[in-house]
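1. With the sequence up front, the predicted model follows.
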Amino acid sequence: MTMSLTIGARLGPRWTRVVALFVSGLCALASSSAGQPAEDAPWFGVAMPPAFEPHVPPVIVGERGVAPAVVPPGEDAFTALTGGALQVHLASIVQFSRTSREKREIGSGQLWGRITGFPSGHDTVSWAAGRFEEAGIDDVRRQPFDQEPGAEFWLPLSWEMRLLGDPAFGAGTEDLVLTTAMPLAPSAVPPEGLEAPLVHAGFGTVAELTQIDVRGKVAVLHVTPQGHLVFERGAAVPRARALFERGALGVINVIDLPGNERARDFSNCGGPCFNLGGRAGRFLETVMDRAADAGVLDRLRVRFALETTRRSGLSAHNAIAVIPGSERPDETIIINAHADAWFDGADDNGDGLAVLVGLARHFATEADPPRRTLVFVASAGHHSPGMNGPRNFVAMNPAFADSSVIALNIEHVAQRNLSPARSVAADGYREFVADAGEAPIVAGVSNAAPFLEDIFRRGVERYGTNFVSGPSTMASGEGGGYRGLGVAIVTTMQAPPLYHTSGEVAEVISVPGLERMARFLAFFLKQVDAAPREQLNPPESGAP
Ligand SMILES: [Zn+2]
């Protein structure tokens, strides 16, 4: 330290830092060679993974912000659609999740969210109804329904993934609980726990498995999602199932994604399955390598504990707000966002619900009322078995369903885009950093109607929304409930890396992105409202 200050005084402040880093690097080298050899430190001296932290961004969200929203001429007065107004809604929505965790709504509180069938889900939908009423909408309805008979909601109440300590892994090696572990439905573990040696199964390809004996062991599967968890479901779930067919007792999916968070995806894997955060997974894989080097891999064991419940007889509700049409009240435009979420769910679907509420407030106060009837649906969602929001909306509102001309589903719309950062942590983990835009947004038009596709093209030009450049006929799980209507289903949806993880906190949402999407969707709805029915559902497009 003295040395760097002395040199720094001569070189100036910029060089002081460089020299200080160099000197501290030398000191680190000196202390590691003079100190204990790494293999005598706990867990072979491998840097410990950070402990799980709720409600914090798992990536770098720096000082530089996001590109501002574009406000086309004549739209200054749309105050319900500003980023500031929508951010306030988003904070209220995320707070329902935080309360769910604080109150330990589900068992130990390791899992939380806005969960349909539980108070957090109920309160979120009620909050949306309150915002509709506050905007002066006269026709706001809270529509309760019961969980379908026979449906069961599997929930993990408490759990633990414990690596068992052994002096063979370095002096002082004690048990280590990996706190980003997340059990997957419908895993079951005996009351006394499940303890077994670990085996690494690589990516779980057939070629790898022919050379690995997983019988009687817990297999570690490395999962590198292509962008996010959903695109990897088709590969990861069958690979886990193949491990059970070959005699594995359990599977740990190491989720190689930015950050170190709990990830809720890859259910129905065929046995006791847990996901593990990427950084904790790196630790586990490094320890397995070191144990193999030291010839003690066969002594590396894990213990699972898991307490679960299955709930039936629950109830839920949707909230709907109706703004009657001035010219064609017997034609309905349905605008939907799901209110339910796992964890903080700021993107899935806090931002979509905030935009829905903003749009309802915008159309409630517009000087020119819509020509067709607008029905806004704060949906109970699709996470809770037997309590599907859209399906119950359709069943409970046959007049709106029969008169619908289009259904718009707003889902995951304003998460910031993430890129690999230059910084690498002590454990070798490369951090991710938010940039100045939003993650890509898919625009799904179920009937590929050219008129609807063209509004998305104009949206990019007019508002700078980051819609991907190619068309899609995708309709999400939430949109599926509207398939029976026989009209166009339009879905705006992101699926970025933090999707379905506990890392989806309010700080990773782009506030200008909320505004971009809200302003675009207001424009979209006005174009749709003015268009003849045949343009929305061209006869040649057939079934949606
Ligand atoms: Zn969603």
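-> Great, that's in hand.
2. Pass me the low-pLDDT residue ranges in this protein, would you?
-> Of all residues in the chain, those with pLDDT under 70 make up the ranges 1-39, 541-544.
3. Pull up the residues of it that are close to the ion.
-> Where the chain comes near the ion, counting by Cβ under 5 Å from the ion, the residues are 348-349, 411. Just so you know, the C-beta spots here come from the backbone N, C-alpha and C atoms, and that holds for glycine as well.
4. Give the buried subset of these as a ChimeraX selection command.
-> Buried residues among these (16 or more other Cβ atoms under 10 Å), as a ChimeraX selection:
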select :348,349,411
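5. Quickly name whichever of the residues of the chain next to the ion is closest to Gly136.
-> Out of those, the one with the shortest distance to Gly136 is Asn349. That distance is 24.9 Å, counting by Cβ to Cβ.
6. does the closest one count as helix, strand or coil?
-> Three-state secondary structure (criterion: DSSP: H, G, I helix; E, B strand; the rest coil) places Asn349 in helix.
7. can you check Ala421 too?
-> Put simply, Ala421 is strand when judged by three-state DSSP.
8. wouldn't it be in contact with Phe432 here?
-> Yes: counting by Cβ atoms under 8 Å, Ala421 touches Phe432, with 6.0 Å between them.
9. the more surrounded of the two?
-> When Ala421 is set against Phe432 and neighbours are counted by other Cβ atoms under 10 Å, the residue ahead is Phe432, at 23 against 15.
10. quick one: that one is in a helix?
-> No: with the criterion set as three-state DSSP, the secondary structure at Phe432 is strand rather than a helix.
11. Identify the bridge partners of it.
-> Going by DSSP bridges, Phe432 is paired in beta bridges with Pro420.
12. Then the one 10 residues further on?
-> For Val442, the beta-bridge assignment (DSSP bridges) gives partners Met493.
13. got the end-to-end distance for stretch 51-60?
-> Looking at stretch 51-60, the gap from its leading to its trailing residue is 17 Å under the measure Cα to Cα, to the nearest Å.
14. For it, give me every contacting residue.
-> The list of residues contacting stretch 51-60 from outside it, by Cβ atoms under 8 Å, 6 or more residues apart in numbering, reads 98, 101, 112, 179-180, 258-262, 277, 343-344, 418, 421, 423, 431-434, 498, 501-503, 505, 507-508.
15. Are any of these buried, and if so which?
-> For the contacts of stretch 51-60, a neighbour count by 16+ other Cβ under 10 Å gives the buried set as 98, 101, 112, 179-180, 258-262, 277, 343-344, 418, 431-434, 498, 501-503, 505, 508.
16. Among the residues you listed, which ones are in helices?
-> Secondary structure assignment by DSSP state H places 98, 101 of these in helices.
17. Figure out how far whichever strand or helix holds Arg391 is from the centre of its chain.
-> Arg391 is part of helix 389-396, with elements assigned from DSSP states H and E. Using Cα atoms, centre = their mean, to the nearest Å, the distance from the centre of helix 389-396 to the centre of the chain it belongs to is 24 Å.
18. for the stretch 251-400 of the chain, what spans make up the helices?
-> In chain order, the stretch 251-400 of the chain shows helices spanning 278-293, 351-365, 389-396, 398-402, with DSSP state H, counting those that start in this stretch as the criterion.
19. Please identify the most buried of the ones you listed.
-> Between the helices of the stretch 251-400 of the chain, the one whose residues have the most neighbours on average, counting mean count of other Cβ atoms under 10 Å, is helix 351-365 (a mean of 27).
20. Just list what that one packs against, helices and strands only.
-> On a contact count with 3 or more Cβ pairs under 8 Å, 6 or more residues apart in numbering; DSSP states H and E, helix 351-365 meets helix 83-102, helix 119-134, strand 315-323, strand 328-338, strand 372-379, strand 404-411, helix 511-530.
21. try it again with 6 Å
-> In terms of contacts (3 or more Cβ pairs under 6 Å, 6 or more residues apart in numbering; DSSP states H and E), helix 351-365 is packed against helix 83-102, helix 119-134, strand 328-338, strand 404-411, helix 511-530.
22. what's the nearest residue to Glu133 if we skip its chain neighbours?
-> Distances taken as Cβ to Cβ, 6 or more residues apart in numbering put Val140 closest to Glu133, at 5.1 Å, once the chain neighbours are dropped.
23. check contacts around that neighbour.
-> Val140 makes contacts with 129, 132-133, 321, as judged by Cβ atoms under 6 Å, 6 or more residues apart in numbering.
24. now do Val508
-> The neighbours of Val508, taking Cβ under 6 Å, 6+ apart as the test, are 57, 415-416.
25. CSV please, covering these and showing distance to Arg519, secondary structure and neighbour count.
-> As requested, those are arranged in CSV below (distance: Cβ to Cβ, whole Å; DSSP: H, G, I helix; E, B strand; the rest coil; neighbours: other Cβ atoms under 10 Å):
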residue, distance to Arg519, secondary structure, neighbour count
Pro57, 26, coil, 20
Gln415, 18, strand, 27
Arg416, 18, strand, 26
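26. burial count for Asp454?
-> Counted by other Cβ under 10 Å, the residues lying close to Asp454 total 12.
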